[in-house]
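> Any chance you could fold what I've pasted below:
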Amino acid sequence: MKNNLMIAASFVALTVSRAIAGIADSPLPVLLPGSTTVHLYSVVGAMGGSGLGTYFSCTSTDTVPIQVGVELFDSTGGSPSNDAVTSSRSVDPGGTVVFGTVSAAGIPVDSTLGILGHGSARILATSRKLVCNAFVADRLNTPVTVAWQLTIIAKTKQKASN
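The predicted model follows:
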């Protein structure tokens, strides 16, 4: 009996002490009731502020409309810093949607996610048939004067570059 109580106490302690770790294991939101949300891509190096914003451009390659969302995580990980359900958008077949941490003078943004110092993001959808690009850009000038592309990885699996 004493051993069973010790085992149960250890299990509870391990379960309670396990922290949510950002893009790796935070629970996925339900983007569209009745659909399954899929974590397609992770993006590192997302940032915002000081005249910069991070932008996620995604195009559907599906034959039916899909729901797409982006979750932001600050540099400490933990829970998302935005509500991906509220900021998600329906994308028609062949359609494109642009998410941004902030609006931009020279970039058409369909959904604003919120300011982020620096951190990571995950791109979610109700279909695996989605292609995306992510970049940091100057949000104050038209045309954009500073921009660079961010690496997008499949879920949490990055392949070595060599």
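
> what ranges do the strands span in this protein?
Using DSSP state E, the strands found in the chain span residues 38-47, 52-60, 66-74, 89-91, 96-100, 111-112, 118-125, 130-138, 147-150, 152-154.

> how close does residue 111 get to residue 102?
With the distance defined as CB to CB, to the nearest Å, residue 111 ends up 11 Å from residue 102. Heads up, the C-betas are built off the backbone N, CA and C, glycines and all.

> Residue 33 too?
Look at residue 33 and residue 102: by CB to CB, they are 29 Å apart.

> So these two - more neighbours on which side?
In this view residue 33 and residue 102 are compared by other CB atoms under 10 Å, and residue 102 has more residues nearby, 20 against 6.

> Dead centre of the protein: give me the residue that sits there.
For the chain, the residue nearest the mean C-alpha position is residue 122 (2.4 Å; CA atoms, centre = their mean).

> Thought residue 68 was touching that residue, still the case?
No: Residue 122 is not in contact with residue 68 according to CB atoms under 8 Å; the separation is 11.7 Å.

> Find the nearest non-adjacent residue to residue 45, please.
Distance criterion CB to CB, 6 or more residues apart in numbering; nearest residue to residue 45, sequence neighbours excluded, is residue 150 at 4.9 Å.

> Now do the same contact list for the one you found.
Counting by CB atoms under 8 Å, 6 or more residues apart in numbering, residue 150 touches 43, 44, 45, 46, 54, 134, 135, 136.

> do the same with residue 125
Residue 125 neighbours (CB under 8 Å, 6+ apart): 31, 37, 38, 40, 58, 66, 67, 68, 69.

> what does residue 40 give?
When contacts are counted by CB under 8 Å, 6+ apart, residue 40 touches 123, 124, 125, 128, 130, 132, 154, 155.

> Which one among the residues you listed sits at the bottom for pLDDT?
Least confident entry in the contacts of residue 40, by pLDDT: residue 155, with 82.
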